[in-house]
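[1] okay, predicted coordinates and the sequence, questions at the end:
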Amino acid sequence: MYVGRRMTAKPITVSPEDTIAQAGYLLKKHRIHHLPVVRGDELAGIVTDTDIRNTALKEPPADSGGEILVKERTVGEIMTRDVVTMNPWDTIEDALLVLHRRRFGALPVVDGRKLVGIITKTDILAAFIDTLRIEGIGGVRIEVLLPRDPAYLLRLIGTLGEMKIEIRSLVLSPFREELVAFLRIGTIDVASVKARLRESGFKVPELEDFLG
Amino acid sequence: MEKRTFPHPLPRREIEKGFEILIGENRLFGAELNVDIIKKENTGKKFLVSKLPSRRKLLSIWALLFRDLVSPADFLALLSAEIQEFEHREKMLLVGKDRIIYDTQIVHAGEHVGEMTLFFLSEMDRNLGLLDYLRGRRRRIVYIDHIRLSQQSSGYASSLFRHYEELFRDIGFHQFRLSASLSVGKYYWAKEGFDCLDRDEFQRMKENLREYVKARELPVAQVDIDRLNHAYDIALFRRDLKVPTFRNAAGYYSLEKNEWHQEEQKVPLGKAFLLSTKPWDGYKIIYTNTPRKTGVIYSPGYLEHRPRAGHPESHRRLEKLVKAIRKDDLQGSLVFLEPYVPDLGVIEKVHPAGYLESFRNGVRSGKKTFATGDCSISEASYDVALLAAGGVMAGVDAVLNGRVQNVFCAVRPPGHHAGRESAMGFCFLNNVAVGALYARAVYGAERIFILDWDVHHGNGTQEIFEEDPRTYFCSIHEHPTFCFPGTGRRMDRGKGEGKGFTLNIPVRPRTADEEFLDLFEREIIPEVETFRPDLIMISAGFDAHKDDPIADLELTERSFVHMTRRICEMADRHCQGRIVSVLEGGYNGSSLTSSAVAHLKTLQGRSEPCTSAEE
């Protein structure tokens, strides 16, 4: 799970001399929110749709005279120069924590000073969708409550294996005093699976318990 | 013509009064059937007019046959109603030992054009049993003993029998029967919807046709003959292909020229064949209390796909359902149709040849499952899956030919999870998709709406049609976060040109009738209205029922009845009522049976399908 594998390589960029209007056009055209600013191939800063909006709101009314219009000012004037970056060998978890703690939307990825990509919240969400196989066809979710003892997890997997049930994903989380295993299993006959697990002594809660 | 309904039995004295009127008018007699009496020339009568039986006997036979719904005098008036200026003269009712006979001369513009004799009788329905028979639940039959009309009067015959069909339906008769022996008659009755009473007779007819086609090297595909299911199909078969027939002096036809049959005429293949068949006994169902003609596709072959023991998609589901369909008055009011083994070319419109081959090889190699653990297979699974797809094709044939107005295909294995190249969730071939593309290719059905109310998302059908703007796929199912196969979210609305022609309505676990039907009305019905389909297909799974173990919805039969009724209304408005409904899931024997029977009765247009389903 490295950033380099999940990032968007060759992102859309601007140079500090480009106007804000040009930057705004690119954001709209590509339906994105962040533009790394580069000089040559080196990262010089980042400009976001928020930066542009804030500049526009600060601007005095157009009839006040003498001022340069917002859209004619350059990206270099409003960009953030002190950029938080990632490198391709940082992990997705690193990126997730930075994005979450600092409330960023995206992080440029650099190799030394050279811009090599960008990783956004959307990329992280995609990683989650893939990991949990939310989009995978042919799976159904079940939850099983387990005591905090690995032997039970082993038995759970063993029981499913005996039934020749494919486990498509498995997430284990703490839940009150126990663990809850969220499984996606590859069968339509989930009723039989639940019945079998209950027979074997597992706690398979009713749907309502997790509907919140 | 006066419209009559017969909701309640009349008081005894009304029936007695009716008899007295007829006796006074000299129109009521006794009759003795006598097989020794040779048909008198041109009258065809098989009975002797004799002394009237006792009043008690009269009343008891009238109650038995007509359940006192109509008085004898009124009945005679209704039978002899004037249609297209044709009148019945010298008409009379005769009371035999076990039957009432209607006998009349037919007159047009003062000229005698023919005569007719009808028998009204009842028999035990083997599916009901003796006890029900004694309780009065019997199959009531109108036997067309004799009818002769001048050639110019055939339009009248059609109108007369349309009038009769309605009248007899309203007084609770179940079938017309006749012996199709006259030359033109054999074709005429088939075209009017009469089929061979003896199924083997029909099979022999088909074989004879097959041999004839082969001997003459006619350009007719074998599979087109396989598809013939009813004498009606033969009557309309290959109207583009004329073959020589030879007529004799008496007006009988032969396909061979010989010393009697000399006069050559070119006649369409099916008609020529029927004109020259041997006499056969025919019957036609009178749709008792059912305004719509509904077909059922079924073959015992569907029971031969045998997943491992304990598997939910067991052959017993269907066994039980079919047993219920064959019970009570349902069986008599349905048109039973048989599936056929389809041409692989049609299946390949959906599933690539390579996939079919790997499926066939998987089955032949004796493996226990195919593709996933859910898809348990047995020796016959490949053939049964083909027959299931062929069942939907036969259903499409029957509906788009006009044989029936709508049809329920009681097939298995189910199909809606099967994608182009993937088997899963008990499904191998996508039966509905095959039927839809067949309807488009063969009958030119442009716009097809597929409603999938199985509790699971119809991911296979969606995959097949998501880029096709002419096939609207709409699925209402338990939410993918909680239920197999984990697809079918609201945001999936189709792809490319097909964007906007896929609709998914996921519902939360524990959803019951009211909320479910509210979504159905608000979100699905307007889509059908806007789409204006030429054909509606239903992937009818009944596993959203509260008693079904496989998922978490809490519907009752009421939901299936409501949805069926509304879809019938939509079909009436946009596509002459044409609906092809295909069984998908449903794994609790009782709730599957009661739901599917309620669905079937609603397809027939019955007003209280639920109460009888719960009987």
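    Right, received. Where do you want to start? Since this is a predicted model, take the numbers as computed values, not measurements.

[2] so residue A:22 makes contact with residue A:15?
    No. Between residue A:22 and residue A:15 there is no contact under CB atoms under 8 Å: 9.5 Å. Heads up, the C-betas are built off the backbone N, CA and C, glycines and all.

[3] need the residues touching each of the two.
    By CB atoms under 8 Å, 6 or more residues apart in numbering or on different chains, residue A:22 and residue A:15 have these common neighbours: residue A:75.

[4] just the pLDDT at residue 188, thanks.
    No chain in the question, so chain A it is. Note for residue A:188: predicted pLDDT of 93.

[5] oops, wrong one, chain B.
    Looking at residue B:188, its pLDDT stands at 88.

[6] give me the distance between it and residue B:354.
    Separation of residue B:188 from residue B:354 (CB to CB, to the nearest Å) stands at 49 Å.

[7] who has more neighbours, the two?
    Neighbour totals were compared for residue B:188 and residue B:354, and residue B:188 leads with 19 against 10 (other CB atoms under 10 Å in any protein chain shown).

[8] next, residue 193: phi, psi?
    Unless you meant another one, I'm taking chain A. phi -60, psi -50 (degrees, to the nearest 10).

[9] that was the other one, I meant chain B.
    Dihedral angles for residue B:193 - degrees, to the nearest 10 - are phi 100, psi 10.

[10] how about it: what's its closest non-neighbour residue?
    In space, and not counting its chain neighbours, residue B:193 is closest to residue B:284: 5.1 Å by CB to CB, 6 or more residues apart in numbering or on different chains.

[11] count the residues that sit near the one you found.
    Residue B:284: 22 neighbours (other CB under 10 Å).

[12] isn't it up against residue B:190?
    No. Residue B:284 is not in contact with residue B:190 according to CB under 8 Å; the separation is 10.0 Å.

[13] for chain B, longest helix please?
    Secondary structure assigned by DSSP state H gives helix B:381-401 as the longest helix of chain B.

[14] from the contact counts, what lies against that helix?
    Secondary-structure packing of helix B:381-401 (3 or more CB pairs under 8 Å, 6 or more residues apart in numbering or on different chains; DSSP states H and E): strand B:294-297, strand B:334-337, helix B:344-347, helix B:353-364, strand B:406-409, helix B:431-443, strand B:535-540, strand B:579-583.

[15] looking at the ones you listed, which is closest to residue B:26?
    strand B:334-337 (41.8 Å; CB to CB).

[16] centre of the chain to the closest one, how far?
    4 Å (CA atoms, centre = their mean, to the nearest Å).

[17] which outside residues touch the longest strand seen in chain B?
    What stands out as the longest strand in chain B, according to DSSP state E, is strand B:111-123. With CB under 8 Å, 6+ apart as the test, strand B:111-123 has contacts from B:43-45, B:64-66, B:79, B:86, B:98-107, B:138-150, B:152-153, B:173.

[18] please report how far residue A:84 lies from chain B.
    32 Å (CB to the nearest CB, to the nearest Å).

[19] so what sits against both of residue B:284 and residue B:190?
    Shared contacts of residue B:284 and residue B:190, defined by CB under 8 Å, 6+ apart, are absent.

[20] I'd like the average pLDDT over whichever strand or helix holds residue B:90.
    Using DSSP states H and E, residue B:90 falls within strand B:86-95. The average pLDDT for strand B:86-95 rounds to 93.

[21] please, where are all the helices along chain A?
    In chain A, the segments counted as helices under DSSP H are A:3-6, A:20-30, A:49-58, A:75-78, A:92-102, A:121-132, A:150-162, A:190-199.

[22] elements contacting the fifth one?
    What it means is helix A:92-102. So helix A:92-102, by 3+ CB pairs under 8 Å, 6+ apart, packs with helix A:3-6, strand A:106-111, helix A:121-132.

[23] which stretches of chain B have low pLDDT?
    The model of chain B has pLDDT under 70 over residues B:1-4, B:34-47, B:126-129, B:132-133, B:135-136, B:183, B:288-290, B:328-329, B:607-615.

[24] stretch A:73-88: how far from the chain's middle?
    21 Å.

[25] so which residues make contact with it?
    A:2-4, A:7, A:14-20, A:22-23, A:35, A:37, A:43-48, A:51-52, A:55, A:94-95, A:98, A:102, A:104, A:107-111, A:116-117, A:119.

[26] quick one: the strands in the stretch 151-300 of chain B?
    Per DSSP state E, counting those that start in this stretch, the stretch 151-300 of chain B carries strands over the ranges B:175-180, B:195-196, B:242-247, B:253-254, B:263-268, B:280-285, B:294-297.

[27] winner for burial among those?
    strand B:294-297 (a mean of 26; mean count of other CB atoms under 10 Å in any protein chain shown).

[28] what comes up buried for the following helix or strand past it?
    Next along the chain after strand B:294-297, taking DSSP H and E as the criterion, comes helix B:315-325. Buried residues in helix B:315-325, counted by 16 or more other CB atoms under 10 Å in any protein chain shown: B:315, B:317, B:318, B:320, B:321, B:322, B:324, B:325.

[29] then stretch B:15-33?
    Of the residues in stretch B:15-33, B:15, B:16, B:18, B:19, B:21, B:22, B:23, B:27, B:28, B:29, B:30, B:31 count as buried by neighbour count, 16+ other CB under 10 Å.

[30] chain A: which of those is nearest?
    residue B:15 (57.3 Å; CB to the nearest CB).

[31] hmm, back to that, dump the helices of chain A to TSV, plus distance to residue B:585 and mean neighbour count.
    Listed next are the helices of chain A as TSV, based on distance: least, CB to CB, whole Å; neighbours: other CB atoms under 10 Å in any protein chain shown:
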stretch	distance to residue B:585	mean neighbour count
helix A:3-6	38	18
helix A:20-30	44	16
helix A:49-58	48	13
helix A:75-78	58	18
helix A:92-102	39	15
helix A:121-132	26	14
helix A:150-162	23	14
helix A:190-199	12	16
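
[32] what does chain A put close to chain B?
    Proximity of chain A to chain B, by CB under 8 Å from any CB of the partner chain, involves residues A:134-141, A:164-166, A:184, A:186-192, A:207-208, A:211.

[33] find the centremost residue of chain A, please.
    Note on chain A: the residue nearest the mean C-alpha position is residue A:124, at 2.0 Å, using CA atoms, centre = their mean.

[34] state the distance from it to chain B.
    In terms of CB to the nearest CB, residue A:124 sits 20 Å off from chain B.

[35] quick one, what contacts that residue?
    Residue A:124 neighbours (CB under 8 Å, 6+ apart): A:6, A:92, A:95, A:96, A:99.
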